[in-house]
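let's see this in three dimensions:
(chains A and B)
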Amino acid sequence: MDLLNEAPGPSSGAPPRPGDQPAAIDRPGPAHTAAVARTLFGRLVRLLSLLLAVTLAAFVLVSASPVDPVRAYVGAEARSLSPEQLQQIEDRWGLDEPLSGRFTAWASNVAQGDLGVSQIYDQPVAQVITERLPATLSLMLIAWVLSGLLGFGLGLLAGVYRGGWVDRIFSWWAYTLASAPTFWVGLVLLYVFSVSLQWTPVCCAAPIGTLLGDATLLERLHHLALPAITLSLIGVAPTLLHTRQATIEVMESDHVRFARSQGERLPGLVLHRVVRNAAGPAIMVQFAGVGELFGGSVLAEQVFTYPGLGQATTQAALRQDIPLLLGITLVTAVIVFFGNALGDLLHRWSDPRIRTVSS
Amino acid sequence: MRITRNRCARAIAGTAILALTLAACGGSASDSAGGSTTSQTTHGPPTLHLAIGGESEEGFDPTLGWGRYGSPLFQSTLLQRDADLNIVPDLATDYEVSEDGLTWTVQLRTDAVFTDGTPVTAADVAYTFTTAATQGGLTDVTGLDSAVATDEHTVELRLTEPRSAFINRLVSLGIVPEHAHGDGYTSAPVGSGPYRLVDWQRGQQMTVERNPDYYGEAPEFERVVFVFSDEDATLAAARAGEVHVASVPAALATHTIPGMELLSVESIDNRAISFPAVPDEGALSETGAPIGNDVTADTAIREAVSTAVDRQALVDGILEGFGSPATGPVDGAPWDEPSVEITDADPARAGELLEEAGWLPGADGIREKDGLRAQFDLVYPASDSLRQGLAVSVADMAAEVGIEATPVGASWEEIEQRMHTDAVLFGWGSHDPTEMYNLYHSSQAGVGYWNPGYYGNPAVDAHLDAAMTATDQDTANEAWRAAQLDSDGGGFSTDYPWVWLVNLDHTYFVDECLDLGDLQIEPHGHGWPITAGISSWRWTC
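Sure thing, here's the model as predicted:
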């Protein structure tokens, strides 16, 4: 995912790059419009080249994998199928064609809006994705907002009370979470809240036995709760630690010292002098973390049998469903790209210094 | 019933989950008042919740392989196997096989209708078989030449060669309606089975309801929900009282769950060691893998391993007791020869066998013959901890009699390269005796994973051919048994190209109120096969 994290690092500010003209807000008129158009065009070119590179890399990686898709498909069944039958399956999937031909065929179909047919679901890839994307997006959105608010709030507290017991507890917690695997956290939460306490359901996106569309919004939220909390717990750590660091820096800066000497006290001091400055890194980390969040959702969905895109990704990868895997790669690359772009814009908006540097 | 609800009362604490939980409990309470959650009612059987896996990701099209194990639910098959694996009629009322074994004439019942109201005709059967033969799915109908409807209720299936085991296609292939079998069939199946599909939420659950037009005995349960959760979530769901049947791996079957009983179902899901039965003469297989092993080519070595191994100890130690010692590839099936006896857990006898064959103890305790050490690699798929356990235990047992079996974990790709030169731990088990043909017939040497040791015995080949070309099942079964042990005392059970170790039991937690009736010995594959008798399941509370 590092490939996608092209956003500048926290609090360092983006070095000016050729073709990277940001919206110069102070300059109105035709020059402004042209600059915006150029920026948009530049971004679009970058998005397209990124998509090409990512899908090509994914395709090469999948093709180089030693897993034989037919064997992955038939699984334990290999024992009972004759070689003629296995050949029939290969023919149905067109696996005899050379690699380069398969990729160009796929790419030209995509350019015409056809993502192909998933081998494992025997459904158009676009349909598999549109069926599952809403579930994953709502899971990611809730987790993202929760982790952002929690991470920023706690990071602020930890930074302000640097060295105190609040700081020590939160930092310890963040380091523990940062090193804990998502599926492990998920299993622990599943055991505590679903099995022992029975507050939350053990599986799925709707109660067992409820028909599609019959589940109420509240039931959906009930089923979403634990996966979302698992995911947000993991996402909290980087935001918390970066916010803490930024807060510490701001707290030691001259303007805060000046405000203190003027008699400003804690809640107000933080709200008026620190929050906006510390928000920059938090925003960057939070938006840049969209990719990791997706990776986490793959695991969380597996643990909670939550039927989103993550579950489909696991299936597609394990069973070498190349059309589906490439389709998902495309969609996630777009999501991550826009996450980063948005983070970039918001960072500029929240921190005037960045704007001056790049214009 | 302990299912759902009542947990709202317990959800009183100040966590982030609380708000969502309380809100959701409010939602589900009003919902069940509306009657959609029937599991609380005390009258009549509840909606059955099964967590037995078995989701068919690509949908419910029998021509692609759906329903080849257990019940196809939405479709019905020409024939069925009863709990003892004997053939009983279903859609077909009768069938006969021509003298030359090439033409199967099947008579259909006249009262079967598809769920869209159209009758099941011979044309539909012919269409189903023809499609399945060319579709490239998971059901293997490659032996079919053509399928022709000769009148409204008679269909002729013509084969390319005589094949008594073709009957298993009549047992496993659900019949689809020709007029409604197109795009979208996989997710909206139309058939003549005991249930029809109501709703399928891919990756999580599927709801089915009783088909009122089903020609057979109506199942007791109006609605059945299949939950597709993974092992941990399945166990959690069973503990939370949310499912009535939970399929769990043997390692998790040692738990106790209040209100549920542990059901251990016998299976022919077995594990065995294949031995190269020919010496290394530098030959290569079609795929370029080397063939032969000078040590295991000696029958005495293979028989000694079989004799030294303590199968009951493997069952107790590796399978946690959920299994049985295996004497052959098809234990308990109608084509199993019950008189096959193998000596087991007898190191002294194994030692004698080796001495007689000239394998004498060397300096380090490992036997030798003409300068050849009694050593071979025992390869197992590295990802399978059960087979690893078996391999290591077998190696220990073999070491006691002076044979050095070295356990080696490998990927399937590596195993394919090594399976003709090294001993390999395989798993088999099918309701189709064709598997026995594939494992032991010399013509199948080096084909796929079948007969990897290049075993060949003309007498065994003759029995297997006779079984395949038999035109009735009783004659076929006799020949299948003779291939294992014939009246002359020959047969593959005396040659030990495969040393059978254990049969696995499939373990399920089942609600105390649910009676699953007589269960089939299950094939390789844990979970869905238990649905074979779903129409006769009963609720006893």
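
alpha carbons only for contacts and neighbour counts from here, please
Will do.

residue contacts, B:Ala132?
Residues near B:Ala132 by C-alpha atoms under 8 Å, 6 or more residues apart in numbering or on different chains: B:Pro62, B:Thr63, B:Leu64, B:Thr139, B:Asp140, B:Val141.

go again using 7 Å as the cut-off
When contacts are counted by C-alpha atoms under 7 Å, 6 or more residues apart in numbering or on different chains, B:Ala132 touches B:Thr63, B:Leu64, B:Val141.

and the first one, what pLDDT?
Right, the one you point to is B:Thr63. B:Thr63 is assigned a pLDDT of 91 by the prediction.

cool, and the last one?
The predicted local confidence for B:Val141 comes out at a pLDDT of 86.

mind checking the SS state of it?
coil (DSSP: H, G, I helix; E, B strand; the rest coil).

where does it fall, phi/psi-wise?
Main-chain torsions, B:Val141, degrees, to the nearest 10: phi -120, psi 30.

follow-up on the earlier one: out of the contacts of B:Ala132, who's the most crowded?
B:Thr63 (29 neighbours; other C-alpha atoms under 10 Å in any protein chain shown).

once you drop chain neighbours, what's closest to it?
B:Ala132 (4.3 Å; C-alpha to C-alpha, 6 or more residues apart in numbering or on different chains).

counting neighbours, what do you get for residue 84?
Just so you know, I chose chain A. Residues near A:Glu84, counting by other C-alpha under 10 Å: 14.

my question was about chain B
When neighbours are counted by other C-alpha under 10 Å, B:Asp84 comes out with 13.

now the one 5 residues further on
A total of 18 residues lie near B:Pro89 under the criterion other C-alpha under 10 Å.

just confirm it contacts B:Gln80, I think it does.
Yes: using C-alpha atoms under 7 Å, B:Pro89 makes contact with B:Gln80 at a distance of 6.1 Å.

output the below-cut-off pLDDT ranges for the stretch 251-400 of chain B.
Under the criterion pLDDT under 70, no range of the stretch 251-400 of chain B is flagged.

so B:Thr507 belongs to a strand, correct?
Yes: judged by three-state DSSP, B:Thr507 forms part of a strand.

who's in contact with it?
Contacts for B:Thr507 (C-alpha under 7 Å, 6+ apart) come out as B:Ser247, B:Val248, B:Pro249, B:Ala250, B:Ala253, B:Leu262, B:Leu263, B:Ser264, B:Val265.

neighbour-wise, give me the winner out of the residues you listed.
B:Ser247 (27 neighbours).

part of a helix, is that residue?
No: B:Ser247 sits outside any helix when classified using three-state DSSP, being strand.

ok, what's across the strand from it?
Residues in a beta bridge with B:Ser247, per DSSP bridges, are B:Tyr508.

I figured it hits B:His49, correct?
No: with contacts counted by C-alpha under 7 Å, B:Ser247 stays clear of B:His49, the gap being 11.9 Å.

quick one: the helices in the stretch 51-200 of chain A?
A:69-74, A:83-93, A:99-111, A:125-160, A:165-178, A:182-189 (DSSP state H, counting those that start in this stretch).

ok, now the stretch 251-359 of chain A?
A:254-261, A:266-269, A:275-288, A:290-303, A:309-318, A:322-350, A:352-358.

a strand runs through B:Phe226, doesn't it?
Yes: if the criterion is three-state DSSP, then B:Phe226 is within a strand.

residue contacts, it?
B:Phe226 touches B:His49, B:Leu50, B:Ala51, B:Gln205, B:Met206, B:Thr207, counting by C-alpha under 7 Å, 6+ apart.

mind checking how far the second one is from A:Leu330?
B:Leu50 is 36 Å from A:Leu330, where distance means C-alpha to C-alpha, to the nearest Å.

and for the fourth one?
Applying C-alpha to C-alpha, one obtains 28 Å for the distance of B:Gln205 from A:Leu330.
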